[in-house]
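>>> next one to model:
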Amino acid sequence: MMQELEQDNLQDIIKANAIVIVQYSATWCGNCRIMKPKFKKLASEQNNATFVIADA
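As a prediction, the model looks like this:
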């Protein structure tokens with residue numbers, strides 16, 4: 001499952017899910033842009049964890 005992280009919902013996401021994996025990303029970061037589609041693909045393949053992208 002993939003969820004968008006907003007400024008005030010991280011604690012709610014953590015409380016509602018047993019496993020939360022966060023990718024910290026920035027629009028100016030080239031490596032972050034490379035990893036984002038791979039992270040989203042992994043999120044679609046794994047049903048036992050919640051994946052979150054945080055815009056740093």
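>>> ok, which stretches of the protein are helices?
Taking DSSP state H as the criterion, the chain carries its helices at 10-16, 30-45.
>>> residue 23 is nearest to which of those?
For these, proximity to residue 23 was assessed by C-beta to C-beta; helix 30-45 is nearest, at 4.9 Å. Every residue, glycine included, has its C-beta placed from N, CA and C.
>>> which of the helices of the chain has the lowest average pLDDT?
Looking at the helices of the chain, the lowest mean pLDDT belongs to helix 10-16 (a mean of 84).
>>> next, the buried residues of it.
residue 13 (16 or more other C-beta atoms under 10 Å).
>>> now tell me what touches that helix from outside.
Residues outside helix 10-16 that contact it (C-beta atoms under 8 Å, 6 or more residues apart in numbering): 3, 5, 20, 50, 52, 54.
>>> how about the helices of the chain in CSV, adding distance to residue 24?
Shown next, in CSV, are the helices of the chain (distance: least, C-beta to C-beta, whole Å):
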stretch, distance to residue 24
helix 10-16, 12
helix 30-45, 8
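>>> that older thread, farthest pair in the contacts of helix 10-16?
50 and 54 (12.7 Å).
>>> quick one: which of these two has more around it?
residue 50 (19 against 14; other C-beta atoms under 10 Å).
>>> for that one, which residues make a bridge with it?
Beta-bridge partners recorded for residue 50 (DSSP bridges): residue 20.
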